[in-house]
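*Asks:* got a predicted structure here, sequence first:
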Amino acid sequence: MKKILKYSALYFAIVFTIGFVLGTIRVLYVAPQLGDDQAELLEFPLMVLASFVVARYIVGLAGDGLKPAQLLWVGVMALGCLLMVEFSLVLALREMSIVTYVTSRYSLAGAAYLVSLLLFAVFPFVISIWGKPNK
């Protein structure tokens, strides 16, 4: 359990940091030019790629120390951390209520965001299965 917590915290921290930097660029520079939805859609593939690359790093770091089911927990727990921070810190910084935040997700960009969250959660598991050679 200690390893799962360690790797999920690391996975969350790295991806959140990347997302925070990209989100700042999006909000300050891209969204005023293109609009919020288009800016989020541009950020989507970058965040999915970042999640994938970091998940590969985490799976490699864990080596054979964690089984695929445990790596699924790494992703799920990292997602839990991400959502807790999103619903507290990010909403406070953007001065949004939870209701405003949820209703702002009823769009193509919102659907893309939900897909990115799902992928973020399952990437460690999928990579652990996909990356193993057949025996």
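*Replies:* Perfect, I can see it now. Numbers count the residues shown, from 1 in each chain.
*Asks:* use CA for all of it now, contacts and neighbours both
*Replies:* OK.
*Asks:* mind checking how far the helix ranked longest in the chain is from the chain centre?
*Replies:* Longest helix of the chain, by residue count under DSSP state H: helix 36-62. With CA atoms, centre = their mean, to the nearest Å as the basis, helix 36-62 stands 7 Å off its chain's centre.
*Asks:* stretch 86-98 too?
*Replies:* The answer for stretch 86-98 is 17 Å, by CA atoms, centre = their mean.
*Asks:* how long is that stretch from one end to the other?
*Replies:* 10 Å (CA to CA, to the nearest Å).
*Asks:* mean confidence (pLDDT) on that stretch, please.
*Replies:* Across stretch 86-98, pLDDT averages out at 76.
*Asks:* the residue positioned nearest the centre of the chain: which element?
*Replies:* By CA atoms, centre = their mean, the chain has its centre lying nearest to Phe120, at 4.5 Å. Using DSSP states H and E, Phe120 sits in helix 108-130.
*Asks:* please enumerate residues in contact with that helix?
*Replies:* 37-38, 40-41, 44, 47-48, 51-52, 55-56, 58-59, 67-72, 74-79, 104-105 (CA atoms under 8 Å, 6 or more residues apart in numbering).
*Asks:* just name the shakiest helix or strand of the chain by mean pLDDT.
*Replies:* Among the helices and strands of the chain, helix 98-103 carries the lowest confidence by mean pLDDT, DSSP states H and E, at a mean of 70.
*Asks:* thanks a lot, see you next time.
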